[in-house]
Structures are given as structure tokens and as C-alpha cells.
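> Mind looking at a prediction? Sequence and model below.
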Amino acid sequence: MTVLVITGTGTEIGKTITTAAVAATALAAGRTVAVLKAAQTGVGPDERGDAEECARLAGGVTAAELARYPEPLAPGTAARRSGLPPVRPAAIAEAAAKLATEHDLVLVEGAGGLLVRFDDDSGTLADAAGLLAAPVLVVAPAGLGTLNSTELTARELRARRLELRGVVIGSWPDMPDLASRCNVTDLPEVTGAPLLGALPAGAGALAPADFRSRAPGWLAEELGGTWDGTAFRERAAD
């Protein structure tokens, strides 16, 4: 695996922090890592973007960003309203492929969900993943409603013949409710893909050193970590 595309089932569900955890885990294993943010929205010119946040938390990551738009909107809408050029799937794929010649692992982080539009031709992160022939990791929330949105994302990936590497819960609450506990079992069933990790709520607020030391314990072996999915499900069922 050289390029891994990371998408979510929506916004504000822990996609950037999950990307940082995957990066930190790969770095701890001695791999070189780049994080490519396809399009950054809702951030000013002097503010830290998602790729830079990944680098802050994970450490020695090459952070790259293709475009930045000031309004917190879908990239295609934000580009149109700002008068700036949109980011097209071919440009995302080209940038990721170039980074892959220089790094062991390239993490391509999308904006929102899989089918959020990047340009006026309906280009999406799914299109970029298709051009790259890269596997996709889906970050999902823990609670009520996640089964529907995660299954829809999985179905779209399969309809496009894209590999769904697995699902990671982007923020696992300290006191999970009944729906969250049940979803640990149900998410793999509805998606047909393994649950590959769960990040604790508030992980992004940890000091970088703590984040890096703990990140492998949040991710399964398939992502280079030590997270035990069987034990996690058993605890959730109690």
C-alpha cells in the first residue's frame, strides 16, 4: 500500500485525527509519510489546515495542500464563490502519485464525504481514488445513524469497483450509549468490511508526544497498529 485515500461519512467525525493516527503509526514503524489535503475549506491563509494539523500531531510528515478556500463549504461551492480555480480529481491523483515516488505512504484526505463535489463537473474524491486505483478507508461516527451513512458509502465504493480497506470509528465516547455499542458489531456486517480501529474522544487534544505513543493502540494490525478488535467488541458488549 503506497496511497491510501481517507474519507468520512460526513463532517466533524474525526477524519483528520484518524489520518494523523495512521500517519503516526506508519512513522513509528520507520516509514516515510506524506499527507495530502485535496482541498481545504473554511480556513484563513495564516491558519493551520488539516494536513498541517496531521503533521503537528504525527511528527515528521510531509504536509501538502492543493487549494484553500475561505468559506466552510463543499470545495466545489467554495471555489465557485471565491472565484478561485477548483481542484479536479486528476490534479489530486497527479499530486498523490508524485508524492508516492518520494514517500512510503501517502494519505489523501478528502473533504466531508466520498461524493462531496470538488468542481463544476461533479468531480469527487471517489473519482480521484479511481484514477489512483487506491484503497479507501472510511471514518465513521460511533452513534445512532452511522449504519445508514456508512453502508451507503460502502455501496458506492463497490459500485465503482474501489477497494474498501475498512472502517475506523473517528471518536469513541468515554461512556458509549446502546447504539454505539451495538454499532461496533453492526458496522462490519452492513459494510462488508472490517472495523480497523476506534479513536478515543478528544484524541486530537492530546499533546503530540502522547498522541504519537498512543496512536498504534487505536488502529488494527492492517493499519500497522496493535488495536484488538475482538477485545474491543467484547468490552462494548458488556
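Okay, I see it.
> Now do the strands in this protein.
3-8, 33-37, 40-41, 61-65, 68-69, 105-113, 136-140, 164-172, 195-200 (DSSP state E).
> can I get those strands in JSON lines with mean pLDDT and distance to residue 89?
The way it works is simple: take the backbone N, C-alpha and C, and place the C-beta from them, glycine included. Formatted as JSON lines, the strands of the chain follow (pLDDT from 0 to 100; distance: least, C-beta to C-beta, whole Å):
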{"stretch": "strand 3-8", "mean pLDDT": "98", "distance to residue 89": "11"}
{"stretch": "strand 33-37", "mean pLDDT": "98", "distance to residue 89": "13"}
{"stretch": "strand 40-41", "mean pLDDT": "96", "distance to residue 89": "16"}
{"stretch": "strand 61-65", "mean pLDDT": "97", "distance to residue 89": "16"}
{"stretch": "strand 68-69", "mean pLDDT": "96", "distance to residue 89": "17"}
{"stretch": "strand 105-113", "mean pLDDT": "95", "distance to residue 89": "11"}
{"stretch": "strand 136-140", "mean pLDDT": "98", "distance to residue 89": "14"}
{"stretch": "strand 164-172", "mean pLDDT": "98", "distance to residue 89": "18"}
{"stretch": "strand 195-200", "mean pLDDT": "98", "distance to residue 89": "25"}
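> In TSV: those, plus mean neighbour count.
Output for these, formatted as TSV (neighbours: other C-beta atoms under 10 Å):
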stretch	mean neighbour count
strand 3-8	25
strand 33-37	26
strand 40-41	24
strand 61-65	20
strand 68-69	22
strand 105-113	25
strand 136-140	28
strand 164-172	24
strand 195-200	24
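> Let me have those strands in TSV, extended by distance to residue 235.
Shown next, in TSV, are the strands of the chain (distance: least, C-beta to C-beta, whole Å):
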stretch	distance to residue 235
strand 3-8	24
strand 33-37	30
strand 40-41	36
strand 61-65	31
strand 68-69	41
strand 105-113	28
strand 136-140	19
strand 164-172	10
strand 195-200	10
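> looking at those, which is closest to residue 209?
Ranking those by proximity to residue 209 (C-beta to C-beta) places strand 61-65 first, at 15.0 Å.
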